[in-house]
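Asks: model the following, please.
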Amino acid sequence: MNHTEITELLGAYALDAVDGDERVAIEDHLPGCARCRAEVAEHREVASLLAHEGGQAPEGVWQRIAGTLEAPPPDLRLAPVPPPSAPSADRVVARRWSPSRRTLGLVAAAAAVALVLLGGQIVRQGDRIDRLEVALEDPLTPALQAALDDPDASLLELGSADGGIELRGAITPDGVGYLRAGALPPLDAGRTYQLWGATGSELVSLGVLGADPGVVSFAADGYEGFAITEEDAPGVVAPTSEPLVSS
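Replies: So this is what the prediction gives:
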């Protein structure tokens, strides 16, 4: 299975609704894909919220509904056929259908179940919209949160020498780094932040972050430390200024 096919099954996988080869393929894929792990965690969180929505049903209500549904239907009795003549008003009234208490109870129970299901769908959609709004503001936010929640990930902290700026992130077991860089002050036009990885005494460029970065991702495997400098856009080969923050 390719990445797209696996992505389409993540919602069902989070609800334990995937079996066989598809489950094996997803579980083999997740350790190496932070985005998919974040989406599975999101699906499971939404399912957990829905499981705790609403109050408890009155004691014995579902047993009573089940007993009513399982009760045998009444004997079928056919009314006598009147002679072929114009029916009287009394006969017309007598033939009108009058719902029994049992029927009304079934209708009410069905309506209650429908309302519960509808309420759950509304909560699910509302929560999904909130999460989509966050993702639209910064698509890497869910992946960063998943990395921070991963017990096997390494926490990453970069700070300035005076302690005025602190950036927090994480490095996943497969070597992908995520960093929330929003605490950096916006730069003027023509300037950019640049991320560097340290290997011994050498600094290697890991990416140009722009003048007003949010959450960023980068290849973090094999570096002893990290630093961010302010440079001329669109970036430089080697740093020309002292690091603003470093780990």
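
Asks: any idea how far I171 is from the closest residue to G175 other than its chain neighbours?
Replies: Counting by CB to CB, 6 or more residues apart in numbering, G175 lies nearest to D221, which is 3.0 Å off, once chain neighbours are set aside. Bear in mind the C-beta positions are built from the backbone N, C-alpha and C, glycine included. From D221 across to I171, the span is 8 Å (CB to CB, to the nearest Å).

Asks: neighbour-wise, which of those two wins?
Replies: Neighbour tally, D221 and I171, criterion other CB atoms under 10 Å: the higher count belongs to I171, 22 against 12.

Asks: contacts only, for that one.
Replies: Shown in contact with I171 (CB atoms under 8 Å, 6 or more residues apart in numbering): 147, 153-154, 156, 177-178, 220-221.

Asks: domain boundaries for the chain, per the record?
Replies: 3-51, 153-246 (automatic domain parsing).

Asks: all helices of the protein, in order?
Replies: 3-8, 10-14, 20-29, 34-51, 61-70, 89-95, 101-137, 141-149 (DSSP state H).

Asks: check which residues of the last one are buried.
Replies: So that's helix 141-149. Within helix 141-149, the residues that count as buried by 16 or more other CB atoms under 10 Å are 141-147.

Asks: any chance of JSON lines for the residues you listed, columns distance to L195 and pLDDT?
Replies: JSON lines is the format used below for the buried residues of helix 141-149 (distance: CB to CB, whole Å; pLDDT from 0 to 100):
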{"residue": "T141", "distance to L195": "18", "pLDDT": "88"}
{"residue": "P142", "distance to L195": "21", "pLDDT": "90"}
{"residue": "A143", "distance to L195": "17", "pLDDT": "89"}
{"residue": "L144", "distance to L195": "15", "pLDDT": "91"}
{"residue": "Q145", "distance to L195": "20", "pLDDT": "90"}
{"residue": "A146", "distance to L195": "21", "pLDDT": "91"}
{"residue": "A147", "distance to L195": "16", "pLDDT": "91"}
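
Asks: which of those residues lies closest to E8?
Replies: P142 (17.5 Å; CB to CB).

Asks: so D174 touches P31, yeah?
Replies: Yes. Judged on CB atoms under 8 Å, D174 makes contact with P31 at a distance of 7.1 Å.

Asks: who are the contact partners of R35?
Replies: 142-143.

Asks: what's the pLDDT at it?
Replies: With respect to pLDDT, R35 scores 85.

Asks: how about low-confidence regions in the protein?
Replies: For the chain, the stretches with pLDDT under 70 are 46-138.
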